[in-house]
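1. Next comes the sequence, and after it the predicted model I'd like to discuss.
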Amino acid sequence: MTINNLALAATFDASLLEMALTAPAMRDSFDIDGDFGEDPYLNDVMNRTAAHALNSSVQPLDDDTSAGIIRHVSAAGLVLLRNQKNVLPLSSSLIRTVAVIGPLTVNGMFRDIKMIAPEHLRLQNAPGCPPDNSFSDELLAAALSAAVRSDAVVLCLGTEDGMYLPAPQLALLEAVSMLGKPAIAAVFGTYPHALANIHKKMDSLILAWEHTRHSGAALGHILFGQVNPSGRLPVTLPRAPDETGTYLFARYDPLYPFGYGLSYTHFTYGDFKLSANRITAGQPVSAECVVENTGTLAGHETVQLYLRRESRSSADLPRWRLCGFQRIFLKKGESRAVRFELPPLSEISRYVVYAGGHQPDARSVWLTETPVLSAFLEVI
């Protein structure tokens, strides 16, 4: 496993990266190549981490370096699911006061978000309901008062008890949604929450995963634009709990599909080609496309390659399957060719190969307003 792959995997579990960075015994599992893209901060700390992993046999990384990496990777792993009217990042000169509310803002989260905020922003805080998620008219009124006095509202919500947010949190969200203010919800939790009744009520929605001691700083980096969101969903988020299934066998139109996630910039794909369009069984074949950052900010993109067999003899076969991905960093206006080696294909059939920033499903295309590229491949 390369450190690049480890860092990508750790976007969904910061504790994995923390373990890897402080356990020298794991250094033999790393393929240290020193290439971590052109993100200045991540490049610096990851190369220092690589040097430490190779040269240290006992001492862990110092706390500041380890915590800095974990905060940065945690921020990169947050998934921006919705961003209507480009409410995020909160960098508009029209936004002067922000209310950060919700029961998760206690125990240091608000303090950490406030430390990240630009100097011109004034932040207010109110929990809205007690930590035990019981109803409190007094706390709800205080939170709504802070929201009314603000130009934008950030709700920090979540639970470890099942798929649904507790009723007091839903009441808080419902009340905030009726104020007409730009509203952002960050939803925390080990289990993906049922978001069907939430996402349309918020201008922006962030899936923030497990609530850790680094969550406040990670969220702050995303809210205020210090980090461009680049997380992608490793699971399918259904519209309802009874709509089960993975992206391989999805029989429902999901709320948010596997592999999906938004960015503050825009990537355009082109020049997709295969090394051959007709091969014999088992013959190697590669795919290549060009990705260009056509937006206004630098950012990471996860280039995804999917494969679908056209002549399927069984309805139980996957629609398509992910057969490769690469996470790349592009400056504004920069482009790069990305190359994949397809897995060996032994079955004689006709295939479709897709490349893009998400699945080739209609829902992902609609959410991102970005199509995927495709090419035919015949195995004889």
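-> Looks like it came in fine. This one's a predicted model, so the numbers in the text were calculated from it and none came from an experiment.
2. Can you report how many residues neighbour the nearest residue to Ser263 once chain neighbours are set aside?
-> Among residues not flanking Ser263 along the chain, Gly299 sits closest, at 5.1 Å (C-beta to C-beta, 6 or more residues apart in numbering). Just so you know, the C-beta spots here come from the backbone N, C-alpha and C atoms, and that holds for glycine as well. Using other C-beta atoms under 10 Å, Gly299 is surrounded by 22 other residues.
3. where's Gly299 relative to Lys332, distance?
-> 9 Å (C-beta to C-beta, to the nearest Å).
4. what residues do those two have in common as contacts?
-> Thr265, Asn293 (C-beta atoms under 8 Å, 6 or more residues apart in numbering).
5. where's Gly259 relative to Arg321, distance?
-> Distance from Gly259 to Arg321, by C-beta to C-beta: 11 Å.
6. Helix, strand or coil: sort out the residue nearest the centre of the chain for me.
-> Nearest to the geometric centre of the chain sits Gly231, at 1.9 Å (C-alpha atoms, centre = their mean). Under DSSP: H, G, I helix; E, B strand; the rest coil, Gly231 falls in the coil class.
7. From Leu377, how far off is it?
-> When Gly231 is compared with Leu377 (using C-beta to C-beta), they lie 30 Å apart.
8. now swap in Leu367 and tell me
-> 27 Å.
9. can you check Val73 too?
-> For Val73, the distance to Leu377 - C-beta to C-beta - is 35 Å.
10. so where do the strands sit in the stretch 251-380 of the chain?
-> 267-274, 278-279, 286-293, 299-309, 321-330, 335-341, 349-356, 373-379 (DSSP state E, counting those that start in this stretch).
11. could you dump these to TSV with mean pLDDT and distance to Met202?
-> Listed next are those as TSV, based on pLDDT from 0 to 100; distance: least, C-beta to C-beta, whole Å:
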stretch	mean pLDDT	distance to Met202
strand 267-274	97	24
strand 278-279	96	48
strand 286-293	98	27
strand 299-309	95	22
strand 321-330	94	27
strand 335-341	97	33
strand 349-356	95	26
strand 373-379	96	32
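12. among those, which is nearest Ala240?
-> strand 321-330 (24.5 Å; C-beta to C-beta).
13. buried stuff in the closest one?
-> Neighbour counts over strand 321-330 (16 or more other C-beta atoms under 10 Å) mark Leu322, Cys323, Gly324, Phe325, Gln326, Arg327, Ile328, Phe329, Leu330 as buried.
14. Contacts for it next, please.
-> With C-beta under 8 Å, 6+ apart, strand 321-330 has contacts from 4, 8, 37-39, 230, 247-248, 259, 267, 291-293, 298-308, 336, 338, 340-343.
15. what's around the nearest residue to Lys201 once chain neighbours are set aside, how many residues?
-> Nearest non-adjacent residue to Lys201, counting by C-beta to C-beta, 6+ apart: Ser177, 4.0 Å away. Using other C-beta under 10 Å, Ser177 has 18 other residues around it.
16. Contacts only, for Ser177.
-> Ser177 touches Ala183, Lys201, Met202, counting by C-beta under 8 Å, 6+ apart.
17. can you give me the helices in the stretch 1-150 of the chain?
-> Ranges of helices within the stretch 1-150 of the chain are 3-10, 14-22, 40-55, 63-77, 109-116, 137-148, based on DSSP state H, counting those that start in this stretch.
18. Quick one, which of the strands of the stretch 251-380 of the chain gets closest to Pro166.
-> strand 299-309 (32.6 Å).
19. Within its sheet, name the partner strands of that closest one and how each one runs.
-> strand 321-330 (antiparallel), strand 349-356 (antiparallel) (DSSP bridges).
20. Mind putting these into JSON lines with distance to Ser145?
-> What follows is the strands paired with strand 299-309, written out as JSON lines (distance: least, C-beta to C-beta, whole Å):
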{"stretch": "strand 321-330", "distance to Ser145": "42"}
{"stretch": "strand 349-356", "distance to Ser145": "45"}
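21. any idea how far Pro127 is from the residue nearest to Lys201?
-> Taking C-beta to C-beta, one finds Ser177 at 18 Å from Pro127.
22. And for Gly261?
-> For Gly261, the distance to Pro127 - C-beta to C-beta - is 29 Å.
23. Likewise for Pro118?
-> Pro118 is 24 Å from Pro127, by C-beta to C-beta.
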